[in-house]
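heads up, no residue letters with this:
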Ligand code: G4P
């Protein structure tokens with residue numbers, strides 16, 4: 001899997017991206033980092049803290065419609081304990097987006113108060129979105145832009161081409177997100193990104209990936225997974241998950257000539273159903289959990 005990620009993020013590409021983000025960062029007062037609520041560890045960029053230095057930041061746990069609700073609450077508490085404001089959002093439906101502007105105001109209150117103390121009336125704050133590919137950056141920006149039609153253009157001193165949206169009385173957002181890279185040297189991170197469909201399947205061994213997903217699901221035992229495939233307790237005790245994939249293929253009637261099961265079709269179907277939460281709202285990574 002590291003091979004695949006190198007295709008997306010060769011060093012030259014990374015340097016260019018880093019430079020782009022650094023120049024956008026100069027224009028903003030705070031950063032909103034979008035991560036995937038199902039994989040809050042693997043969907044974070046390892047270098048972001050260094051890149052944004054001491055700018056205030058807020059975390060958006062996106063795709064919370066597909067993540068376990070209790071786990072998402074635990075993640076929000078986990079980030080709060082580290083002094084980071086985090087909110088759960090669903091950029092497909094727009095749920096949770098109304099919490100965004102108040103949360104940004106909260107993280108910037110210190111700066112706002114400082115400027116007010118200097119005599120500035122209603123100082124304008126600017127924020128940008130960052131996140132790894134497929135995490136929902138465009139979905140977020142489109143939803144916010146629809147809710148807040150007024151565009152701010154031709155601001156003096158701001159690079160031509162940058163567009164800003166007013167998202168609250170004193171808050172503007174840059175319409176171009178910063179695209180970050182994931183921690184691509186870590187095999188488990190690569191797997192978890194692939195489970196959620198954040199990386200392209202064409203360059204992965206789909207059956208191997210399905211087997212790894214089954215290793216995880218066998219342990220977690222989500223009710224929807226068990227009922228959807230009509231699994232017995234003994235099925236979940238199968239040690240070799242490739243055998244479990246065969247059981248699932250058979251239960252779904254995925255056979256090839258000669259009575260053999262079609263494990264490739266079963267693997268594609270399993271991953272598809274996981275990715276659209278048909279197997280339940282499943283969070284793969286828990287706070288303080290070791291990646292396994
Ligand atoms: P990016 O800019 O960070 O690369 O991500 P983008 O917004 O393109 O979102 C990637 C995929 O994730 C899209 O699906 C998008 O609809 C989906 N998505 C984004 N936010 C959410 C969310 O909160 N919940 C759910 N369930 N899905 C979300 P797609 O299959 O690529 O396109 P489509 O299904 O929208 O056509």
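Cool, the structure landed. Just so it is clear, the structure is predicted and the values come from calculations on it, not from any experiment. Numbers count the residues shown, from 1 in each chain.

So residue 59 belongs to a strand, correct?
Yes - under DSSP: H, G, I helix; E, B strand; the rest coil, residue 59 sits within a strand.

ok, now which ones touch it?
Residues in contact with residue 59 (CB atoms under 8 Å, 6 or more residues apart in numbering) are 32-33, 35, 79, 84-87. Placement of C-beta: from N, CA and C, glycine included.

what bridges to it?
residue 33, residue 86 (DSSP bridges).

Save the contacts of residue 59 as CSV, and put in pLDDT and neighbour count too.
Output for the contacts of residue 59, formatted as CSV (pLDDT from 0 to 100; neighbours: other CB atoms under 10 Å):
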residue, pLDDT, neighbour count
32, 97, 25
33, 97, 25
35, 98, 25
79, 96, 19
84, 94, 15
85, 97, 19
86, 98, 22
87, 98, 22
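
Format the residues you listed as JSON lines; extra columns: distance to residue 180.
As requested, those are exported to JSON lines (distance: CB to CB, whole Å):
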{"residue": "32", "distance to residue 180": "12"}
{"residue": "33", "distance to residue 180": "8"}
{"residue": "35", "distance to residue 180": "10"}
{"residue": "79", "distance to residue 180": "17"}
{"residue": "84", "distance to residue 180": "16"}
{"residue": "85", "distance to residue 180": "19"}
{"residue": "86", "distance to residue 180": "17"}
{"residue": "87", "distance to residue 180": "19"}
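
Of these, just say which sits nearest to residue 17.
residue 33 (15.0 Å; CB to CB).

Hmm, that closest one is touching residue 60, no?
Yes - if you go by CB atoms under 8 Å, residue 33 and residue 60 touch, sitting 7.0 Å apart.

quick one: the strands in this protein?
For the chain, the strands defined by DSSP state E occupy 30-36, 57-62, 85-88, 125-131, 151-152, 164-168, 171-174, 178-179.

By mean pLDDT, show me the worst of these.
When these are ranked by mean pLDDT, strand 151-152 comes last with a mean of 58.

Give me the below-cutoff pLDDT ranges for this protein.
Scanning the chain for pLDDT under 70 picks out 1-11, 149-161, 202-203, 290-292.

anything in stretch 171-185 near the ligand?
No - shown here: stretch 171-185 not in contact with the ligand (CB under 6 Å from any ligand atom), separated by at least 6.6 Å.

Buried ones in that stretch, by neighbour count?
Under the neighbour-count criterion of 16 or more other CB atoms under 10 Å, stretch 171-185 has 171-175, 177-184 buried.

Would you check how far apart the residue nearest to residue 221 when sequence neighbours are not counted and residue 274 are?
Nearest residue to residue 221 in three dimensions, chain neighbours excluded: residue 236, at 6.3 Å (CB to CB, 6 or more residues apart in numbering). Per CB to CB, to the nearest Å, residue 236 is found 16 Å from residue 274.

If the closest residue to residue 65 other than its chain neighbours is in a bridge, with which residues?
Excluding the flanking residues, the one nearest residue 65 by CB to CB, 6+ apart is residue 90, at 4.2 Å. Counting by DSSP bridges, residue 90 is bridged to residue 95.

if I pick residue 90, what's in contact with it?
The contact partners of residue 90, taken as CB under 8 Å, 6+ apart, are 62-65, 96.
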